[in-house]
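Colleague: Provided below for reference: sequence and predicted model.
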Amino acid sequence: MTRLRRTLRQTLTIARRDFVATVYTPIFLLFLLAPVIMGSFGAVGGLGAQSVAEGSADRARIVAIVPDAQARAMIAADARLRTGFRGRDEAPAELVTLRPGADLPAQARAAFASRQFDTSAVLFGPLHRPHILYGPRGGRSAVYLELLAQTTLAAERLGGALPAVTAIKLPIQRTRTTTGGRNQSAFLAVFGIFFLTLFLAGQVVGTMAEERNNKVIEVLAAAVPLESVFLGKLLGMFGVALLFVGFWATIIGQIGSFVPPAVAAGFAELTPAVGPGAFALLFAGYFAMAYLLLGSVFLGVGAQASTPREIQMLSLPITIVQVAMFALATAAASQPGTNLARIAEIFPLSSPFAMAGRAANTPELWPHFAALAWQALWVAIFITLGARAFRRGVLQSGSARWWRRKRQPIDMGVS
Amino acid sequence: MGSDLAVSASGLIKRFGDRVVVRGVDLQVRRGQIYGVLGPNGAGKTTTLRMLLGIIEPDGGERTLYDSPHPRDASDRVGYLPEERGLYPAMKAREAIAFMGALRGLPWRTGRARAVELLEAAGLGHAVDSKIKKLSKGMAQLVQLLGSVVHQPDLLVLDEPFSGLDPVNQERLEKLIVAERDRGATILFSTHIMSHAERLCDRLAIIAGGQRRFEGTVDDARATLPQRVHYQPRSGGAELAALLPPDAQAEPGGWRFQLPDDGVETLLGRLLAAGHGIAGLSIERPGLHEAFVRIVGGEEPR
């Protein structure tokens, strides 16, 4: 058996053990379903916040103090303008019209003290130069009232109604990618990889502690090169990550078929420059590389830790590294072709994120093959360095460092 | 055609920081031998074995495993039981043995099948599907030992294999070592318990202070100490002590002294002529224990 085949076999043996040991535990179910738990808490919080918001939104009003004749026209204009708003969040508060009193400014101020509703803005005076009072969060309501006055006035001058327009609306498919679509794709790619690695890559950090605590490491080190142990553990945990991603991708894929057409159309605007098929493949490749790169660094650093407390202490620097890479890659994605983008694409730890963004922004494919090879090289380097540090620091193998080495003769005695 | 050496080491040196723990150890283990590495605690036995297996790299000297200077090249032919026992607690006994075999190139399926056979042969048939954490320390140690032989290695390296085992399991382990040798394997083990070495070893090395102090057979080791004579006279007297060698020491019921270089015949003739007679006479060979104590005690072997 060649050395390469043996190394591969040993690596996969370690990977298999770690994968099985992780997946066949009750804790893994908790891990797998963590997004449900997270989503449930989010949903509960969201529902609470929504009910509070709806409670206050139901009472919110914009007020127009106008004569009856203008009030009817204004209500009609309001009804027409509201068709352009989508959903409750975008639409202005409900319109209330009041007959003008003797003291308009006083009447307008009094509207803010109403017990029947919460007034966000009040319009009074002639429509061509109305006064609009607005409360602390009523800026947009004031703008809407101004627009409403303008539309009502226009209708009045045209004889009571605006001209009817019946448009013929036809959906079209774009023949080229849009800058906005590319930018959105780039950001989503960077964010997607960051999100996945944030959750998944950090788990690698404590995996060597098991072998150290159980003293299995000597059995492994006697049978298998440490590089194979490190790579095997990394691949085992990557398998766990793939299972997690596959599980949720399937579920989200099923949910996706129930997405309303309007939302689905939004996704259609995501137009990566390399094309959707190649983009999906590159995304998968860069996710793998981001995981392996960050994981190999975390594994190497975590292998030096000997207690759970030390491993726990590493979680903060690990998160900081990941967020820093995300920030660098996001900046690069928003400024394609700049020196910053080039740095992010070359620096090993940010390279997968930045290159995923590049796939959305520029159509050339060859830089991606070079980048994947470059990243794989750095995975190998990080694993080698991690194994070497472990061998020297934990197993105490290898000579003292050259600057500490004292070449005094050794008393060999009599053998 | 390779040499008949399974393990060879020449001038092995290992430093930990500024401390030199192994100082030029030489070892030659022939194929098919049971070879013991003996030494007191902290002698450098474990470090020497780790260097031989490539777990740690020596700072000086050379070592070969089946003629290869890279121990990893022969790792599939080696079984190893480390001094610090270690298994995954959540693994079942059968899986743990199969895993250790898989690390050395044995297919999982074969490993599982052999694991069942080995466990049953070792009297642990009931523990095949038990998790390691449910087993006693001694049973877990036995499982690890079985894991080191499941792939039928050519070389079995056992570091302090008897420590932590009760007498029944110690005897079981001795039988297993002999059975492995009979299968054709070479066994290299370290211990500081002389009785096991005395019964098992074809050859042995005694290491102390990181140096090899002795190498040879058990008989060679014993021969480093002179034989002792225990003499019981029929009748004593003041002049008896003058007839005995200068190192003779009186004991209840007799005298004890080192066997003279020219044997006991001349001395006995003088004693009989003086009328002291012989009520009892025995020539005692020293045990490995005494030889070990003398060798590691700093005295030069004879």
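Modeller: Sure, I can see it.
Colleague: so how far is the helix or strand hosting residue A:212 off the chain centroid?
Modeller: Here residue A:212 sits within helix A:207-214, counting by DSSP states H and E. For helix A:207-214, the separation from the chain centroid amounts to 32 Å (computed by Cα atoms, centre = their mean, to the nearest Å).
Colleague: following it, which helix or strand comes up?
Modeller: The first helix or strand that comes after helix A:207-214 along the chain, using DSSP H and E, is helix A:217-223.
Colleague: quick one: list the elements packing against the helix or strand of chain B with the lowest mean pLDDT.
Modeller: For chain B, counting by mean pLDDT, DSSP states H and E, helix B:240-243 ranks last in confidence among helices and strands (a mean of 84). Counting by 3 or more Cβ pairs under 8 Å, 6 or more residues apart in numbering or on different chains; DSSP states H and E, the packing neighbours recorded for helix B:240-243 are helix B:265-273. Every residue, glycine included, has its C-beta placed from N, CA and C.
Colleague: elements contacting the helix or strand just after the helix it packs on?
Modeller: For helix B:265-273, the following helix or strand on the C-terminal side (DSSP H and E) is strand B:280-284. The contact analysis (3+ Cβ pairs under 8 Å, 6+ apart) places strand B:280-284 against strand B:228-232.
Colleague: picking up where we left off before, list the buried residues in the helix holding residue A:212.
Modeller: With burial defined by 16 or more other Cβ atoms under 10 Å in any protein chain shown, the residues of helix A:207-214 counted as buried are A:207-212, A:214.
Colleague: measure the closest residue to chain B within chain A to residue A:204 for me?
Modeller: For chain A and chain B, the shortest gap (Cβ to the nearest Cβ) falls at residue A:215, measuring 3.1 Å. Remark: distance between residue A:215 and residue A:204 (Cβ to Cβ, to the nearest Å) = 21 Å.
Colleague: out of these two, which sits in the more crowded spot?
Modeller: Set side by side, residue A:215 and residue A:204 show unequal neighbour counts under other Cβ atoms under 10 Å in any protein chain shown, the larger going to residue A:204 at 30 against 14.
Colleague: what strand or helix carries residue A:110?
Modeller: Taking DSSP H and E as the criterion, residue A:110 maps to helix A:104-111.
Colleague: now the element after that helix, going C-ward?
Modeller: Downstream of helix A:104-111, the next assigned helix or strand under DSSP H and E is strand A:118-124.
Colleague: break the chain down into its domains, please.
Modeller: No chain specified, so I'll use chain A. By the record's domain assignment, chain A is partitioned as A:60-157, A:178-255+A:264-393 (automatic domain parsing).
Colleague: that's the wrong chain, I wanted chain B
Modeller: Here chain B is described, according to automatic domain parsing, as comprising the domains B:1-66+B:154-222, B:90-152, B:228-285.
Colleague: on that earlier part again, buried sites along the least confident helix or strand of chain B?
Modeller: residue B:240.
Colleague: how about stretch A:363-380?
Modeller: Buried-residue list, stretch A:363-380, by 16+ other Cβ under 10 Å: A:368, A:371-372, A:374-375, A:378-379.
Colleague: ok, which of these also contact chain B?
Modeller: Filtering the buried residues of stretch A:363-380 for neighbours of chain B using Cβ under 8 Å from any Cβ of the partner chain leaves an empty set.
Colleague: what would the residues you listed look like in TSV with distance to residue A:15, secondary structure and pLDDT?
Modeller: As requested, these are exported to TSV (distance: Cβ to Cβ, whole Å; DSSP: H, G, I helix; E, B strand; the rest coil; pLDDT from 0 to 100):
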residue	distance to residue A:15	secondary structure	pLDDT
A:368	26	helix	94
A:371	25	helix	95
A:372	20	helix	96
A:374	24	helix	96
A:375	19	helix	96
A:378	20	helix	96
A:379	14	helix	96
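Colleague: send the alpha carbons of the longest helix along chain B over as PDB?
Modeller: In chain B, with assignment by DSSP state H, the single longest helix is helix B:167-183. Included here for helix B:167-183 are C-alpha records, laid out as PDB according to Å, rounded to 0.1, in the frame of the first residue of the first chain:
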ATOM      1  CA  PRO B 167      -3.300 -11.500  39.300                       C
ATOM      2  CA  VAL B 168      -5.800 -13.400  37.200                       C
ATOM      3  CA  ASN B 169      -5.600 -10.900  34.400                       C
ATOM      4  CA  GLN B 170      -1.800 -10.700  34.700                       C
ATOM      5  CA  GLU B 171      -1.600 -14.400  34.200                       C
ATOM      6  CA  ARG B 172      -4.100 -14.100  31.200                       C
ATOM      7  CA  LEU B 173      -1.900 -11.400  29.700                       C
ATOM      8  CA  GLU B 174       1.300 -13.600  30.100                       C
ATOM      9  CA  LYS B 175      -0.500 -16.300  28.200                       C
ATOM     10  CA  LEU B 176      -1.600 -13.900  25.500                       C
ATOM     11  CA  ILE B 177       2.000 -12.700  25.100                       C
ATOM     12  CA  VAL B 178       3.300 -16.200  24.800                       C
ATOM     13  CA  ALA B 179       0.500 -17.000  22.300                       C
ATOM     14  CA  GLU B 180       1.400 -13.900  20.200                       C
ATOM     15  CA  ARG B 181       5.000 -15.100  20.200                       C
ATOM     16  CA  ASP B 182       3.900 -18.600  19.200                       C
ATOM     17  CA  ARG B 183       1.900 -17.000  16.300                       C
END
